[in-house]
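Enquirer: The sequence and its predicted three-dimensional model are supplied below.
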Amino acid sequence: MGHLSIFAAFRFLAALFLVGCVVGCGDTQNSSASTDNLPVETETSVLSNSSAIGSDSDGSSDVSSELAEPLTTAATLDLLTDSWDVYKDRFIQDDGRVIDWEAQDRTVSEGQAYAMLRAVMMDDPATFESTLTWAEVNLERRDASGVKLDHLWAWQWGQKVGTAWGILDETFASDADLDAATALILAAQRWDRPDYLELARTKLADLWTLSTVEIPIAVTEQGSDRYFLPGPRAAFQQGLVTYLNPSYFAPYAFRLFAEVDPDHDWLALIDTSYAALNQSASISTMGLPSDWVGLDIATGDYRAVDPLLPLKSVYSFDAFRVWWRVALDYLLFESPEAKDFLVAFLPELENQWRSHQFIAAVIDSNGQDIVDYESTAQYAMLHTAFRIVEPAIADDIWSQKLFPAYKNGIWDNDTAYYTQNLAWFGLASTAELVPLWFSEGSEEIGDRSSESTQTE
């Protein structure tokens, strides 16, 4: 694990995700959640990808154009603050619902979890509470008779047939629940909220039961390994194939969960996560992670998903997050597995960058570009990873791709919900901020919250 203890790394994780301790953040209105909220009517203004910061005259807050140079710590914090304020105004309703304007104004559980993570980072307890409350009320999973199923969230909410709004798909997406649990643990420590920790533990118990699975070890035919599934077993285990999403593997979170939830062997998921990441990369001739992969239970081999299925084994918008999640494991825990993965599987994209300063947003398993456009979200995730193995490339990505795509607190355009989040996380997760964010005096949440677990 490196020289940081898990508790020390947790303190660092809490500090890393608490940028607001330096820059502060205004609260948003915490109105009550309801199941019939309609989308906020907001005029859409598509912004130019090549607009320079500081050139507008509408009175909005700008970040200095000198940001085109490699980012300083102070400039990064200013940018993160400005973009969070704009994101709240544009994408989060007063009641806490996060809106994806590019997908029929729907809400997904992932968006609620992302908002919670960012709210903790920016020391914004009101936004945290409102986004959590909205999700807890509106994304609650119930059976046909109305009985609550568990404490995980239905993944999709939006407009149904007619004028009604509500849950569109009861299935849970485990990455959202994982990120929400992480945010709850960090919030519990930051704001001294043991109730948040208890909710996190409750969610983790359900996540373990419903979204992890023991798979026999095919090579030895003895024993089994536990894997983290993208959702319910019934949906992702079909016959002899188990479908996995590499971007859902979050070793840093599993280390954190092990500290606050010792009843479950979260550390076992770290080994299978790295095994799956390394072995499934062979599906791509470039060694890139895929959005989706199939694990053959009989042989233990990874294979591309059947092309007839909606899940695709391509390097694309899901897979981008692999770089960020693995990089966090290195930044927080100095995980040698994380560093080895980045060193082993970034070179092909490094070569593309050095040759063309262009990396396509979708690349098939044969290494062929299948679209002719780029992705700001991808560049942000790569920025985090390259800061670890090739910092000069990270600086180039910032100045050539991320900076030109940013204007008035928005990346690309003001409907791009997913891009706003990945761009923000990509810039918030860099080693340069470690000395500023690390708080040696933070208390250990596992000890501090012990009273909340006692029964009378």
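Expert: Here it is on my side, so go on.
Enquirer: So which elements touch the strand or helix carrying residue 257?
Expert: Element membership for residue 257 (DSSP states H and E) is helix 251-260. Helices and strands touching helix 251-260, by 3 or more CB pairs under 8 Å, 6 or more residues apart in numbering; DSSP states H and E, are helix 6-16, helix 174-190, helix 194-211, helix 268-280, helix 320-333, helix 445-448. Where C-beta positions appear, they are placed from N, C-alpha and C, glycine not excepted.
Enquirer: which residues are contacting stretch 132-148?
Expert: 30, 32-35, 95-97, 107, 109, 112-113, 116, 149-150, 152-155, 157, 166-167, 170, 172, 180, 184 (CB atoms under 8 Å, 6 or more residues apart in numbering).
Enquirer: if we go to 7 Å?
Expert: 33, 35, 95-97, 109, 112, 116, 149-150, 152-154, 157, 167, 170, 172 (CB atoms under 7 Å, 6 or more residues apart in numbering).
Enquirer: Would you mark the buried spots in stretch 305-318?
Expert: 305, 311-318 (16 or more other CB atoms under 10 Å).
Enquirer: before we move on, back to that, for the contacts of stretch 132-148, which PyMOL command selects only the ones that are buried?
Expert: Per 16+ other CB under 10 Å, the buried members of these correspond to this PyMOL selection:
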select buried, resi 33+95+96+97+109+112+116+150+152+153+154+157+167+170+172
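Enquirer: Show me the contacts of stretch 132-148 that map onto helices.
Expert: Secondary structure assignment by DSSP state H places 109, 112, 116 of the contacts of stretch 132-148 in helices.
Enquirer: Isn't residue 373 up against residue 362?
Expert: No: counting by CB atoms under 7 Å, residue 373 sits too far from residue 362 to count as a contact (8.7 Å).
Enquirer: who's more crowded, those two?
Expert: residue 362 (19 against 9; other CB atoms under 10 Å).
Enquirer: Distance of that one relative to residue 314?
Expert: For residue 362, the distance to residue 314 equals 6 Å [CB to CB, to the nearest Å].
Enquirer: same thing with residue 357?
Expert: 22 Å.
Enquirer: Residue 385 too?
Expert: Residue 385 is 19 Å from residue 314, by CB to CB.
Enquirer: Among the buried residues of stretch 305-318, which one lies nearest to residue 291?
Expert: Lowest distance from residue 291 to those (CB to CB) belongs to residue 318, with 4.0 Å.
Enquirer: Could you pull up the residues touching the closest one?
Expert: Applying CB under 7 Å, 6+ apart, the residues near residue 318 are 245, 247, 291.
Enquirer: what are the ranges of the strands in this structure?
Expert: 107-108, 140-142, 148-159, 165-172, 212-216, 224-228, 237-238, 241-244, 293-296, 302-303, 406-407, 410-411 (DSSP state E).
Enquirer: Generate JSON lines for these, with mean pLDDT as supplementary columns.
Expert: Formatted as JSON lines, the strands of the chain follow (pLDDT from 0 to 100):
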{"stretch": "strand 107-108", "mean pLDDT": "98"}
{"stretch": "strand 140-142", "mean pLDDT": "97"}
{"stretch": "strand 148-159", "mean pLDDT": "97"}
{"stretch": "strand 165-172", "mean pLDDT": "96"}
{"stretch": "strand 212-216", "mean pLDDT": "93"}
{"stretch": "strand 224-228", "mean pLDDT": "95"}
{"stretch": "strand 237-238", "mean pLDDT": "92"}
{"stretch": "strand 241-244", "mean pLDDT": "97"}
{"stretch": "strand 293-296", "mean pLDDT": "97"}
{"stretch": "strand 302-303", "mean pLDDT": "96"}
{"stretch": "strand 406-407", "mean pLDDT": "96"}
{"stretch": "strand 410-411", "mean pLDDT": "98"}
